[in-house]
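Q: below is the sequence, then the predicted model.
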Amino acid sequence: QVQLVESGGGLVQAGGSLRLSCAASGRTFSRNVMGWFRQAPGKEREFVAAISMSFGARNFADSVKGRFTISRDSAKNTVYLQMNSLKPEDTAVYYCAAANLFSLTTLPMVPTGYDYWGQGTQVTVSS
């Protein structure tokens, strides 16, 4: 049974930083794509970032470019999201996702591109 477990969320002031982690178990995703999405109250789930676990190719939503970075430790089946210069509009539940897709550079940016999801971790940025 595949499980994705996020950690690292919390409350931070605007301008601060948080680092989210997502550990996968039940199978390896070392050749797949993993990503982060977020969902604010009353809004649809939106893409944040994705990474090719084997090649390291990355993609980011325009709203987080230059502030967020995504990295991976394929040996640990873990992906990270470093969030800097946080803004109140970054407040949301952040979800880790993993795809069955084997890809070096094609990184889905929509929820339907992913097959497994974590439970989510709350990130709250106060002004």
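A: Noted; the coordinates are in hand.
Q: CA only for contacts and neighbour counts going forward, please
A: Will do.
Q: most centrally placed residue in the chain?
A: By Cα atoms, centre = their mean, the mean C-alpha position of the chain lies nearest to Trp36, the distance being 2.1 Å.
Q: before we move on, what SS does Glu89 have?
A: Secondary structure of Glu89, reduced to three states by DSSP: H, G, I helix; E, B strand; the rest coil: helix.
Q: quick one, phi/psi of the nearest residue to it once chain neighbours are set aside?
A: Among residues not flanking Glu89 along the chain, Val125 sits closest, at 7.6 Å (Cα to Cα, 6 or more residues apart in numbering). Main-chain dihedrals, Val125, degrees, to the nearest 10: phi -110, psi 120.
Q: so what's the residue count around the closest residue to Ala92 other than its chain neighbours?
A: For Ala92, ignoring the flanking residues on the chain, the nearest one in space by Cα to Cα, 6+ apart is Ala40 at 4.3 Å. Other residues lying near Ala40 total 16 when counted by other Cα atoms under 10 Å.
Q: OK, contacts around Ala40?
A: The neighbourhood of Ala40, defined by Cα atoms under 8 Å, 6 or more residues apart in numbering, consists of 91-93.
Q: so how do I select the buried members of those in PyMOL?
A: To isolate the buried ones among those in PyMOL, judged by 16 or more other Cα atoms under 10 Å, type:
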select buried, resi 91+92+93
